[in-house]
Structure formats: C-alpha cells, structure tokens
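S.K.: Give me the fold of what follows.
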Amino acid sequence: MLKHVLDVLELLDRPQTSGKLLADHLRGVLDAAGGDASAGDGPEITVTRVEGAKGGTDFVKVVVPGRNGKRAGASADPAPTLGVLGRLGGVGARPERTGIVSDADGAVAALSAAAKLLDMYGRGDVLEGDVILSTHVCPDAPTRPHDPVPFMDSPVSILDCNREEIDEAMDAVVSIDTTKGNRLLNHRGIALSPTVKEGWILRVSDTLLGVLETVTGEAAHVLPITTQDITPYGNGVHHINSIMQPCVATSAPVVGLALTAQSAVAGCATGASHETDIAAAGRFAIETAKEYGRGVVRFHDQAEFAHLVELYGPMTRLQSTEGAVED
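M.R.: Numbering: from 1, shown residues only. Prediction:
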C-alpha cells in the first residue's frame, strides 16, 4: 500500500495534476497487473469535470467489480457494495500555498486504495462484493477561516460533491478525510467515527473497530462527532469538517475514517502529510471491503436501528438540505 501512496502523492503534488493524470495512472496499474482497463466487464475508471462558483475540479470514480457483486449478477442475493470516498476541499491551495496540502490525505488514501484493488483484481484476487471509490482532484482550491485553524475550501459545493461521489449502489460508505484541525482527538494516526444512518448517530461498530486495530496494531481511537456534524453544510452551525457529509445524501450507513494529529494542523498546511498514516487509512479501506463483502463486517445492527426508529421515530429531517446554502 505504501508504494501506491508514494506514487499517488507524486502525481498529486504538482500544479498540473488532474483527474485524467490519476485515471491514466490507475489504468496503468491495472494493465501492469495483467488486467484490461478497456474490458467491458472489468473495472471502470471515469473522470467528470465539475465547475463551481470558485473554480472547477475533476471527480475520479473507480468501480471494482466483485466475484458475487451486483455488477456480476452472479446470484439473486449479491454481496453488498462498499463505497470509499476521499473527502477534501482540494489537494493544493495555489497560488496561496505551494505544494500538496494536509487536506489532500483523504484523496490520496482513496486513490491509493483504488490502485491496490485494481492491482489485486488484475492478478486474480477478486473480492466478493463490488467496491466503488471516488474523490476529486483540484490543485488550486481556495481556503477559508475556521476555528481553531484555517480550512481548505472547495471550488464546488458539498452538495456537488455528494451528487458526484454518492452512488445508489453503495450499501455502506467509508468517508476518509483529514481531521487534524481540532482539539478533540490528540492522536497521530487514524480514528473511526460512530456509524451514522438516516440522521441517527449509532454506536461504534465492533467489527470495524476490529479491522482498525488489526490495521494499526494498536488500540482503536474513536472520533467524537455531534449532531451538528451530521447536518448539511451551509446551515449556519459548526461542523468538525466534511467527513460526515456523505450521510446527508444516502440512506446507507456511513462511517468516517479520520486522519488525525496530536496538534491542531491547518487543512491548508503543506508538509503535513504522513505517508504511513495515509497507507494505514488505505489498508483499512481494503480490509473493510474484503470483510464487508463476505458478510463478516457490519456497519450497524439492523434490528436495533429498526427498534430505535419504532421507539422514537425517524430522524431523516437532519438530512434535509432545505435552508442550507451551497458553500
């Protein structure tokens, strides 16, 4: 995984980086492993350019089919599909900052995980379920003030990101995001959030904690999130960052995988990315995809969730974007 992280970092850390550059790299990884990037029934790699009020960005989407996934149509009861999203404002903040920014870690992790899955697929290691990975590439995103340290802004809105990155086929979502600009979790590495589904903040998945501890080799760290964090951006309340924003746009359970630090680090800071931490995040995504596809990992207890809704009613109003401003 570290090799893929270093390759992706090299491609992203330049003013000329683009979605096409990364897509070509991913196709090359698949071809080198013995796969065929042009095969109709194999992995799909697409790039979509989206323009916003503050510029444009390239969304890169990779679909890696599973042996018994929905795309294969192998059975009446297909293996579940995992979504892996790299959330960020931009990989660079040019001309204000020179070089790749801390905020890019989510994109690096998602693209590196995609490269590893494509390499595995090409060599014949095909997972049970489909995996859909998505992120976006922008080398010149704006910045904005935030407490306690400045944030990266995005050339397009969060609603645009959700529209491009969330796929209806996703049965569960891992949202990877740099989460260093806070004083809530003073630990360098990666941390897992509680599961969020349809406006409910549920208990932390024991099986996902097990994957996290296996990948890191240390006791699991949990990212604290609040009701504010799972509401749409632009509603006037404080959000830790965009890590939980996918939960606004899907009924699938969502967990955040945060890349964290011991001190508060600005999202627009350069020289703040730790390659081994990004590799750990990528490995978590890969191992979760393996175990989720074969039914070992559960994001939430379905019976308990149904009981909560029966007792207290739906919380889907927290997903509503009505009154939120696209920022």
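
S.K.: Which strands and helices lie in contact with the helix or strand that residue 306 is a member of?
M.R.: Element membership for residue 306, per DSSP states H and E: helix 302-312. Under the contact criterion of 3 or more CB pairs under 8 Å, 6 or more residues apart in numbering; DSSP states H and E, helix 302-312 touches strand 200-201. The C-beta positions use only the backbone N, C-alpha and C, and glycine is treated the same way.

S.K.: Okay, now the sheet partners of the strand it packs on, with direction.
M.R.: Partner strands and pairing direction for strand 200-201 (DSSP bridges) are strand 196-197 (antiparallel).

S.K.: contacting residues around the partner strand?
M.R.: Here strand 196-197 makes contact (CB atoms under 8 Å, 6 or more residues apart in numbering) with 202, 225, 230, 244, 247, 251-255, 299-300, 305.

S.K.: 10 Å instead, please
M.R.: By CB atoms under 10 Å, 6 or more residues apart in numbering, the residues outside strand 196-197 that reach it are 172-173, 175, 202, 225, 229-230, 244, 246-248, 250-256, 299-300, 302, 305, 308-309, 315-316, 318-319.

S.K.: Among these, which lie within strands?
M.R.: Among the contacts of strand 196-197, the members found in strands (DSSP state E) are 172, 173, 175, 254, 255, 256.

S.K.: And the contacts of strand 196-197, which of them are buried?
M.R.: 172-173, 175, 202, 225, 229-230, 244, 246-248, 250, 252-256, 299-300, 305, 308-309, 315, 318-319 (16 or more other CB atoms under 10 Å).

S.K.: The stretch 1-150 of the chain: helices as residue ranges?
M.R.: For the stretch 1-150 of the chain, the helices defined by DSSP state H, counting those that start in this stretch occupy 2-12, 19-32, 105-123.

S.K.: Please work out which of the ones you listed is packed deepest.
M.R.: Mean neighbour count, computed with mean count of other CB atoms under 10 Å, is highest for helix 105-123 among the helices of the stretch 1-150 of the chain, reaching a mean of 27.

S.K.: Would you mind getting the angle between that one and helix 2-12?
M.R.: In terms of direction (axes from the mean of the first three to the mean of the last three CA atoms, to 10 degrees), helix 105-123 departs from helix 2-12 by 120 degrees.

S.K.: now helix 105-123 and helix 19-32, what's the angle there?
M.R.: Using the same axes, to 10 degrees: helix 105-123 against helix 19-32 is 30 degrees.

S.K.: how close does residue 272 sit to residue 105?
M.R.: Computed as CB to CB, to the nearest Å, the residue 272 to residue 105 distance reads 9 Å.

S.K.: Where does the prediction get shaky in the protein?
M.R.: Where the chain drops to pLDDT under 70, the residues are 74-75, 323-327.

S.K.: again, only using 80
M.R.: Across the chain, the ranges flagged by pLDDT under 80 are 40, 73-75, 146-151, 321-327.

S.K.: centroid residue for it?
M.R.: Note on the chain: the residue nearest the mean C-alpha position is residue 85, at 2.4 Å, using CA atoms, centre = their mean.

S.K.: In contact with that one, which residues are there?
M.R.: 106-107, 110, 132-136, 161-162, 165-167, 170, 173-177, 243, 245-246, 254, 256-257, 285.

S.K.: try residue 178
M.R.: 86-89, 101-109, 152, 241-243, 258-261, 265, 267, 269, 272-273, 277-278, 281.

S.K.: before we move on, what about residue 282?
M.R.: 1-2, 4-5, 8, 84, 86, 108-117, 176, 190, 215, 257.

S.K.: That one and residue 228: what is the separation?
M.R.: From residue 282 to residue 228 the distance is 29 Å (CB to CB).

S.K.: Measure how far stretch 170-185 is from the centre of its chain, please.
M.R.: Computed by CA atoms, centre = their mean, to the nearest Å, the chain-centroid distance of stretch 170-185 equals 8 Å.

S.K.: do stretch 120-127 as well
M.R.: 22 Å.

S.K.: do stretch 311-318 as well
M.R.: Taking mean C-alpha positions (CA atoms, centre = their mean), stretch 311-318 and its chain are 25 Å apart.
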